[in-house]
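**Student:** What would the 3D arrangement of this be:
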Amino acid sequence: MAYHIEQVANTNDKCGEAPTWDAANNRVLWVDNESSFVHALSLDTGQVTRISTGLMVSGVALNTKGGYVFAGATGLHVWRGQDDYRTVISEFAGESLYFNDILADPSGRVYAGTLYWGGNGMEKFGKLYLVKPDGSAEIVDEGIELSNGLGFSPDNRTLYYTDSFARRIYAYDVDTASGRLSNRRVFVQVPSDEGLPDGLTVDAEGFVWSAQWYGGQVVRYDPQGKVERRIAMPMMQVSSCLFGGPNLTDLYVTTAANSWEGPYAPPGYNFKAANIGGPLYRVRLDIQGKPDYAADL
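**Tutor:** Sure thing, here's the model as predicted:
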């Protein structure tokens, strides 16, 4: 199957991540977390603006009280403008919180995964937190090697959560009243000859779309975890994806230009390839996504 794949922003992101559809402003947000930039692409004008600099951001969510929720190396923040943000949580039980991807739930709570990665790889295991509107938090899972993409099934009863280094996408049963999780199981185990599973999104049919770092593709899995299709992308370090546009039928895909060398790449991977990454792409589809929820922080 041929896909219409277009480059919509040539921002040369060192590590593009966290695409977010802002329907109210008809724009797509995404981050370059290595450069501490947050970008916005206006669909009205086609122009890209840099709305935040200096604050390291890895995860983004809409916020019902205005602005956005930004998560990153210094915790979870409610952001309203350049240098105008309030920190909701930055540590828990004496541990500094380095957040990666986040996801708001229907009650305005936020799931936020931590990671602790350095020059020698994983420094310690991460956890998955549930942050409540009053700023309190609890641990809902732990023992995660590299926290990444999060997404809900259409009925909100299943949460998907990526552990990139384990090459797994987990599925959990969700208690929608409390937000607590149970029955963790492996939804997908990505084989070692493919890329690492990274950011993900879930479409209106309940299929999971997973970006593959080192894999140069986005993979769509059916609700049983079987591969339904693969979309080959022009760049190798494909980092995340999200549906946007007026009908939620455009898949926005982030990539990363800094070649991330390490033992997790598939055999034969070329760390010096010319097409490592950097731009933001859009894939036109006849499949509809579903809107994400907004936090209430």
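**Student:** what number of residues lie near Ala204?
**Tutor:** Other residues within reach of Ala204, judged by other C-beta atoms under 10 Å, total 14. From N, CA and C alone the C-beta is placed, and that goes for glycine too.
**Student:** Now it: phi and psi?
**Tutor:** Per-residue torsions, Ala204: phi -70, psi -20 (degrees, to the nearest 10).
**Student:** again with Ala24
**Tutor:** Torsion angles, degrees, to the nearest 10, at Ala24: phi -60, psi -30.
**Student:** pLDDT score for it?
**Tutor:** On pLDDT, Ala24 comes in at 97.
**Student:** Distance-wise, check it relative to Thr64.
**Tutor:** 11 Å (C-beta to C-beta, to the nearest Å).
**Student:** So if I had to pick from those two, which one is more boxed in?
**Tutor:** Thr64 (13 against 8).
**Student:** That one contacts Arg109, doesn't it?
**Tutor:** No - using C-beta atoms under 8 Å, Thr64 is not in contact with Arg109, being 11.8 Å away.
**Student:** Give me the common contacts of the two.
**Tutor:** Common contact partners of Thr64 and Arg109 (C-beta atoms under 8 Å, 6 or more residues apart in numbering): Ala295, Asp296.
**Student:** what residues are up against Glu17?
**Tutor:** By C-beta under 8 Å, 6+ apart, Glu17 lies in contact with Trp30, Val31, Asp32, Asn33, Ser58, Gly59, Asp101, Gly199, Ser239, Ser240, Thr254, Ala256.
**Student:** Tally up the residues packed near the residue nearest to Asp13 when sequence neighbours are not counted, please.
**Tutor:** What sits nearest to Asp13 in space, not counting adjacent residues and going by C-beta to C-beta, 6 or more residues apart in numbering, is Asp32, at 3.9 Å. Per other C-beta under 10 Å, the neighbour tally for Asp32 reads 26.
**Student:** Could I get the contacting residues of Asp32?
**Tutor:** Applying C-beta under 8 Å, 6+ apart, we find Asp32 in contact with Thr11, Asp13, Lys14, Cys15, Gly16, Glu17, His39.
**Student:** give me phi/psi at the first one?
**Tutor:** Dihedral angles phi and psi of Thr11 (degrees, to the nearest 10) take the values phi -90, psi 0.
**Student:** so it touches Gly277, yeah?
**Tutor:** No - if you go by C-beta under 8 Å, Thr11 and Gly277 don't touch, sitting 11.0 Å apart.
**Student:** Those two: which is more packed in?
**Tutor:** A count of neighbours by other C-beta under 10 Å puts Gly277 above the other of Thr11 and Gly277, at 28 against 21.
**Student:** what's Trp79 sitting at in phi/psi?
**Tutor:** Torsion angles at Trp79 (phi, psi; degrees, to the nearest 10) stand at phi -110, psi 130.
**Student:** thought it was touching Phe70?
**Tutor:** Yes - here Trp79 reaches Phe70: they are 4.6 Å apart, a contact under C-beta under 8 Å.
**Student:** Pull up the overlap in contacts between those two.
**Tutor:** Taking C-beta under 8 Å, 6+ apart as the contact criterion, the common neighbours of Trp79 and Phe70 are Ser52, Leu55, Tyr85.
**Student:** quick one on the thing from earlier: which single one of the contacts of Asp32 is nearest to Leu159?
**Tutor:** Glu17 (19.4 Å; C-beta to C-beta).
**Student:** Assumed that closest one was part of a strand.
**Tutor:** Yes - counting by DSSP: H, G, I helix; E, B strand; the rest coil, one finds Glu17 located in a strand.
**Student:** how far away is it from Gln189?
**Tutor:** 23 Å.
**Student:** Same question for Thr49.
**Tutor:** 40 Å.
**Student:** residues in contact with Thr249?
**Tutor:** Neighbours of Thr249 in contact, by C-beta under 8 Å, 6+ apart: Phe243, Arg284, Leu285, Asp286, Ile287, Gln288, Gly289.
**Student:** Separate out the buried members of these.
**Tutor:** Buried members of the contacts of Thr249, scored by 16 or more other C-beta atoms under 10 Å, are Phe243, Leu285, Ile287, Gly289.
**Student:** Perfect, that will be all.
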